[in-house]
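Enquirer: The following block contains a protein sequence and its predicted model.
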Amino acid sequence: MSSKLKKNKSAGRFGARYGKRPRAYLAVVEEKQKKKQKCPFCGKLGAKRLSKGIWKCYRKKCGKKFASDAYYLE
């Protein structure tokens, strides 16, 4: 009997396609881009990605919309 394979977080949607390394790398990048990042204007966690390169700080006092890196802020 074959054992059930463990899905690789968000990249599990690809099943057995594309290989292990690309799926693992994709899972790491998607995990980083989906959590709140440090806003460069107010300096606190609150910026989220709207689309590629477009970010918005969701804190009430800041609320800035800005362009920056494509996947995650550093």
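Expert: Structure's in. What do you need?
Enquirer: any idea which strand is longest in the chain?
Expert: Ranked by residue count, the top strand of the chain under DSSP state E comes out as strand 45-51.
Enquirer: In PDB, list the C-alpha atoms belonging to it.
Expert: Taking C-alpha atoms only, strand 45-51 is exported to PDB below (Å, rounded to 0.1, in the frame of the first residue of the first chain):
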ATOM      1  CA  LEU A  45       3.100  46.100  11.600                       C
ATOM      2  CA  GLY A  46       0.100  46.800   9.500                       C
ATOM      3  CA  ALA A  47       1.100  46.800   5.800                       C
ATOM      4  CA  LYS A  48      -0.500  44.200   3.600                       C
ATOM      5  CA  ARG A  49      -0.100  43.400  -0.100                       C
ATOM      6  CA  LEU A  50      -2.900  44.500  -2.400                       C
ATOM      7  CA  SER A  51      -1.300  43.300  -5.700                       C
END
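Enquirer: That strand pairs with which strands, parallel or anti?
Expert: The pairing partners recorded for strand 45-51 under DSSP bridges are strand 37-38 (antiparallel), strand 54-57 (antiparallel).
Enquirer: who's in contact with residue 71?
Expert: Going by Cβ atoms under 8 Å, 6 or more residues apart in numbering, residue 71 touches 29, 32, 33, 49, 52. Where you see a C-beta, it was placed from the backbone N, CA and C, and this is true even at glycine.
Enquirer: Leaving out chain neighbours, which residue sits closest to residue 11?
Expert: Closest residue in space to residue 11, ignoring its immediate chain neighbours: residue 23 at 3.9 Å, by Cβ to Cβ, 6 or more residues apart in numbering.
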